[in-house]
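# turn this into a structure:
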Amino acid sequence: MEAESLTPWRRLTRRAFGALWAVAAASTLISCAGTGKMAGDPLPSWNDGPAKTAIVKFVGDVTREGGPSYVPPAERIAAFDNDGTLWSEQPLYFQFLFMIDQVKAKAAQHPEWQRNPAFKPLMAGDQQALAAVGEKPLLELLVAGNSGMTVDEYDQAIRSWLATAKHPKFNRPFTELVYQPQLELLDYLRANGFKTFIVSGGTIDFMRPWVTKVYGIPPEQVVGSSQIIKYDVQGGKPVLLREPKFDFIDDGPGKPVGIYRNIGRPPVLAFGNSDGDLQMLQYTAGAPGARMALIVHHDDADREFAYDRNSKIGKLDKALDEAQAKGWTVVSMKRDWKTIFPPSK
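This is a model prediction of the structure:
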């Protein structure tokens, strides 16, 4: 593995692997504001308060024809980060848990991996030994374990993993650890003419197999990091192969670039949860016309997790300061959400 091929991947995963090593095991107010299109309370899992009121007022304002903040339907773009914004992200990004399991599952077919100093501690779950080995060998293992197959084979591997893997704390499938209030918000926005997009640091390959069923978002409306894909012919059949290099990292300043390349216009509404979303929120809030920038603040250790400025996963520091300075809407998980996850299936 050439060092330069790991550079963008290293930028994306540095915080995640730092955490890996550390892991040991308002109805009246709403009716006055105008709710847009949707009968009854459009956000029943949201507590009445400033955040819910601001969302409903904004949707009412931008959909009210003739009003000063009216936005035509073609321009109603809503962009949501995924990890920590639409589903949980602790104790480690779910995609990285999948990638680690891929290495473990394929280890017997790749005895050459045993020469990598990260192999034994990774297989044993020895966090201290992994920390001593360093970042590069671990990255090489993960890239190797998640490359070299066709995109269809990788798609099936993701689906199979999600069908059986469960979260270490909640003992529920990862696709059940989506946020019920956000599912309602996605539906509410779509009912009012918004087109909803995911704009995530995770890869499009990992998200596309399941986002339609879980979020109602089609795969073509997923903007994410992307790995180099090569066309080939195997046994007379055309296939697409995953190369062990990345061609785009959709995180931090990459998010506005990804939005421009894939959507073609700034969002009217953007929702994130970490400093990795800061530039997307700035890009949205800084565009002309009515705009809304929102941040989920993970402050509920009892029902989910509590973390912000000092977290190695989903660090919320600079973006929180800017939200407070510029009046962006900060959604408290503890105060603003009646429930966190949907009922278990």
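
# look up which residues are beta-bridged to A306.
Counting by DSSP bridges, A306 forms beta bridges with D299.

# burial of the residue lying closest to T329 once chain neighbours are set aside, as a residue count?
Distance criterion Cβ to Cβ, 6 or more residues apart in numbering; nearest residue to T329, sequence neighbours excluded, is L294 at 4.5 Å. All C-beta spots, glycine's among them, are computed from the backbone N, C-alpha and C. Using other Cβ atoms under 10 Å, L294 is surrounded by 24 other residues.

# got it, and V233?
V233, neighbours per other Cβ under 10 Å, totals 8.

# report the contact partners of it.
By Cβ atoms under 8 Å, 6 or more residues apart in numbering, V233 lies in contact with V239.

# burial of T164, as a residue count?
8.

# distance check, it against N82.
Distance of T164 to N82, given as Cβ to Cβ, to the nearest Å: 21 Å.

# send over stretch 259-278 as PDB, restricted to the C-alpha atoms.
Extracted C-alpha coordinates of stretch 259-278, given in PDB (Å, rounded to 0.1, in the frame of the first residue of the first chain):
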ATOM      1  CA  ILE A 259     -23.000  19.100  -2.300                       C
ATOM      2  CA  TYR A 260     -21.900  21.300  -5.200                       C
ATOM      3  CA  ARG A 261     -20.800  18.300  -7.300                       C
ATOM      4  CA  ASN A 262     -23.800  16.100  -6.600                       C
ATOM      5  CA  ILE A 263     -26.700  18.400  -5.800                       C
ATOM      6  CA  GLY A 264     -25.800  21.600  -7.600                       C
ATOM      7  CA  ARG A 265     -27.200  24.100  -5.200                       C
ATOM      8  CA  PRO A 266     -26.800  25.000  -1.500                       C
ATOM      9  CA  PRO A 267     -29.300  23.400   0.900                       C
ATOM     10  CA  VAL A 268     -32.100  25.400   2.300                       C
ATOM     11  CA  LEU A 269     -31.800  23.400   5.500                       C
ATOM     12  CA  ALA A 270     -28.800  21.500   6.800                       C
ATOM     13  CA  PHE A 271     -28.600  19.300   9.900                       C
ATOM     14  CA  GLY A 272     -25.300  18.000  11.500                       C
ATOM     15  CA  ASN A 273     -23.900  17.100  14.900                       C
ATOM     16  CA  SER A 274     -20.100  17.600  14.900                       C
ATOM     17  CA  ASP A 275     -17.200  19.700  13.700                       C
ATOM     18  CA  GLY A 276     -17.100  17.500  10.600                       C
ATOM     19  CA  ASP A 277     -20.400  19.200   9.600                       C
ATOM     20  CA  LEU A 278     -19.200  22.800  10.300                       C
END
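
# for the helix or strand harbouring L130, what is the average pLDDT?
Counting by DSSP states H and E, the element that carries L130 is helix 127-133. Averaged over helix 127-133, pLDDT sits at 86.

# stretch 37-54 too?
pLDDT averaged over stretch 37-54 gives 92.

# measure it end to end?
16 Å (Cα to Cα, to the nearest Å).

# likewise stretch 323-339?
Rule used - Cα to Cα; the end-to-end distance of stretch 323-339 is 24 Å.

# can you find the helix or strand of the protein with the lowest average pLDDT?
helix 27-33 (a mean of 36; mean pLDDT, DSSP states H and E).

# before we move on, the earlier item: and the residue nearest to T329, what does it touch?
51, 55, 269-272, 328-331.

# could I get the full set of strands for this protein?
77-80, 195-203, 222-234, 237-248, 269-272, 292-297, 329-332 (DSSP state E).

# tell me which residue is most central in this protein.
N82 (2.0 Å; Cα atoms, centre = their mean).

# what about that residue, distance to G272?
According to Cβ to Cβ, N82 stands 10 Å off from G272.

# on that earlier part again, buried set for the helix holding L130?
127, 130-131, 133 (16 or more other Cβ atoms under 10 Å).

# max pairwise distance over these: which two?
Using Cβ to Cβ, the pair of these lying farthest apart is Q127 and V133, separated by 10.8 Å.

# residues shared between the contacts of those two?
P121.

# check contacts around the residue nearest to the centre of the chain.
N82 neighbours (Cβ under 8 Å, 6+ apart): 198, 200, 202, 207, 224.

# neighbours around the last one, how many?
Pointing back at G224 there. 25.

# find the nearest non-adjacent residue to it, please.
I204 (4.1 Å).

# so L185 touches I55, yeah?
Yes: between L185 and I55 there is a contact under Cβ atoms under 8 Å: 7.0 Å.

# any weak-confidence spans in the protein?
1-35, 38-39 (pLDDT under 70).

# apply 80 and report the result again.
Along the chain, the parts satisfying pLDDT under 80 run over 1-39.

# now do A306 against H298, distance only.
In terms of Cβ to Cβ, A306 sits 6 Å off from H298.

# next one: K213
25 Å.

# of those two, which one has the most company?
When K213 and H298 are compared on other Cβ under 10 Å, the one with more neighbours turns out to be H298, at 23 against 9.

# check contacts around that one.
Per Cβ under 8 Å, 6+ apart, neighbours of H298: 84, 90, 273, 304-308, 314, 316, 333.
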